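S.K.: mind folding the following:
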Amino acid sequence: MSAKPASQRSLPVVDGSVADAAVAAEAGRLADQAAGPRDIAAVRTLRVSVTDRCNLRCTYCMPAEGMKWIPKGDLLDFEEITRIARTAIDLGITNFKITGGEPLLRQQVEDLVAMLRALPGCGELSLTTNGILLAERAAGLRAAGIERVTVSLDTLRADRFRALTRTGHIERVWEGIAAAEAAGMTPLKINVVVLRDGNVDEVAAFADLTREHKRDVRFIEFMPLGQSKALTGADQFVPYAEIRGAIEAVHGPLVEAGRGVGHGPARHFRMAGARGRIGFIHAMSAPFCSTCNRLRLTPEGQLRSCLFDGGEVDLRPLVRGSLRADALRQAFVDCVRLKPDRHQMYGNRQMSQIGG
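M.R.: All right, here's what the predicted structure looks like:
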């Protein structure tokens with residue numbers, strides 16, 4: 001596979017963070033533990049998007065009127081998803097994260113969770129959500145088999161939350177977080193997309209959420225995917241080095257922490273005396289493509305090798321036709337070979353269509 005031209009691979013370089021020695025060392029350590037990004041044996045997690053629909057309209061994600069949604073008849077049904085998951089397990093991919101859009105908008109998604117949990121060899125089951133519907137669903141999700149939940153929350157201020165989401169109420173999210181923790185889906189993760197004009201002044205306050213609670217608060221560099229490239233200008237990007245510096249200016253030096261539970265790309269630290277961890281996902285300023293250990297399944301059945309670059313293989317004809325297990329396994333192998341050396345600066349599809 002030929003490498004992409006440098007003009008297509010260029011990414012923001014801010015304060016030398018791409019050359020950060022600690023980031024490079026961590027990437028090296030992880031690479032030593034994996035068979036390589038284009039080897040199916042290196043893949044640990046399949047992110048399963050069950051819908052592209054969302055009940056929020058976050059300003060950096062989609063236009064106020066929403067998107068052109070995938071027709072419901074084109075969505076994979078739960079039996080089809082389960083067949084794909086069974087093949088993934090056969091190939092050693094045992095961990096599954098249910099995503100969207102907003103996955104709790106998919107009717108009876110708890111049934112899918114139970115079906116996945118019943119598969120022999122199924123490993124960790126987790127779910128990512130905006131939290132709006134989580135309070136009333138947490139107990140049922142836990143009973144069905146969800147072990148951990150990631151909640152997207154980009155501000156601690158009610159007025160900003162309303163402005164960022166265009167429709168949401170932050171109180172619902174905190175009720176959902178409390179319900180998930182009460183149901184035992186811990187340690188809970190909170191994902192924060194950092195924006196220059198949106199919430200960069202709150203990163204130290206977010207970090208403080210880890211002091212008394214065993215939670216992971218993860219700061220994510222803004223990733224321009226699909227229409228978000230036009231919705232949020234490049235001037236909104238805040239690099240990892242700046243986010244970390246703002247936290248340490250208030251809380252003191254961060255100490256590197258172990259990977260702990262989960263199989264994601266975040267690089268983890270702790271504040272002195274804190275129960276929880278602080279994570280950074282620096283896909284733009286310091287890409288971690290060489291250690292990528294995941295594939296993504298879109299709601300309509302595209303197996304996707306990379307969040308940014310695509311590299312899609314269509315599984316829907318395989319699971320809706322006369323299913324041949326060997327063909328489905330080969331599709332996984334073919335997909336992982338499409339992983340890029342380094343992802344492009346802009347993604348070609350909307351996050352809600354891929355599975356955030």
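S.K.: wait, is residue 191 part of a strand?
M.R.: Yes. Assigned with DSSP: H, G, I helix; E, B strand; the rest coil, residue 191 falls within a strand.
S.K.: please report how far it lies from residue 174.
M.R.: Using CB to CB, to the nearest Å, one obtains 15 Å as the distance from residue 191 to residue 174. For the C-beta atoms, the positions are set from N, CA and C on the backbone; glycine is no exception.
S.K.: more neighbours: which of these two?
M.R.: Neighbour totals were compared for residue 191 and residue 174, and residue 191 leads with 20 against 15 (other CB atoms under 10 Å).
S.K.: so what's the residue count around the residue lying closest to that one once chain neighbours are set aside?
M.R.: The spatially closest residue to residue 191, leaving aside those adjacent along the chain, is residue 152, at 4.8 Å (CB to CB, 6 or more residues apart in numbering). Residue 152 is flanked by 21 other residues according to other CB under 10 Å.
S.K.: look at residue 152 and report its pLDDT.
M.R.: Listed pLDDT for residue 152 reads 96.
S.K.: now do residue 67
M.R.: 75.
S.K.: assign it to helix, strand or coil.
M.R.: Quick answer, by three-state DSSP: residue 67 is coil.
S.K.: correct me if wrong: it contacts residue 52.
M.R.: Yes. Applying CB atoms under 8 Å as the test, residue 67 and residue 52 come out as touching, 6.8 Å apart.
S.K.: who has more neighbours out of these two?
M.R.: For residue 67 versus residue 52, neighbours defined as other CB under 10 Å are more numerous around residue 52 (26 against 18).
S.K.: which parts of the stretch 51-200 of the chain are helices?
M.R.: For the stretch 51-200 of the chain, applying DSSP state H, counting those that start in this stretch gives helices covering 78-90, 109-117, 134-144, 158-165, 170-182.
S.K.: can you list contacts of stretch 171-182?
M.R.: For stretch 171-182, contacts defined as CB atoms under 8 Å, 6 or more residues apart in numbering pick out 129-136, 138-139, 142, 149, 151, 153, 158, 161, 186, 188, 190.
S.K.: how about 10 Å then?
M.R.: For stretch 171-182, the surrounding residues in contact (CB atoms under 10 Å, 6 or more residues apart in numbering) are 104, 127, 129-139, 141-142, 146, 148-153, 156, 158, 161, 165, 169, 185-188, 190, 209, 213-215.
S.K.: what comes up buried for that stretch?
M.R.: 172, 173, 175, 176, 177, 179, 180, 181 (16 or more other CB atoms under 10 Å).
S.K.: I'd like the mean pLDDT over it, please.
M.R.: On average, stretch 171-182 scores 98.
S.K.: one more: stretch 49-56?
M.R.: Rounded mean pLDDT across stretch 49-56 is 94.
S.K.: go on, stretch 194-205?
M.R.: 94.
S.K.: got the CA coordinates for it in CSV?
M.R.: Provided in CSV are the C-alpha atoms of stretch 194-205 (Å, rounded to 0.1, in the frame of the first residue of the first chain):
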residue,chain,number,x,y,z
VAL,A,194,-12.5,21.1,23.7
LEU,A,195,-13.3,24.2,21.6
ARG,A,196,-11.5,27.5,21.7
ASP,A,197,-14.6,29.7,22.0
GLY,A,198,-16.8,27.1,23.7
ASN,A,199,-15.3,25.6,26.8
VAL,A,200,-11.4,25.8,26.9
ASP,A,201,-11.8,27.9,30.1
GLU,A,202,-13.5,24.9,31.8
VAL,A,203,-10.9,22.2,31.4
ALA,A,204,-9.5,22.7,35.0
ALA,A,205,-13.0,22.4,36.4
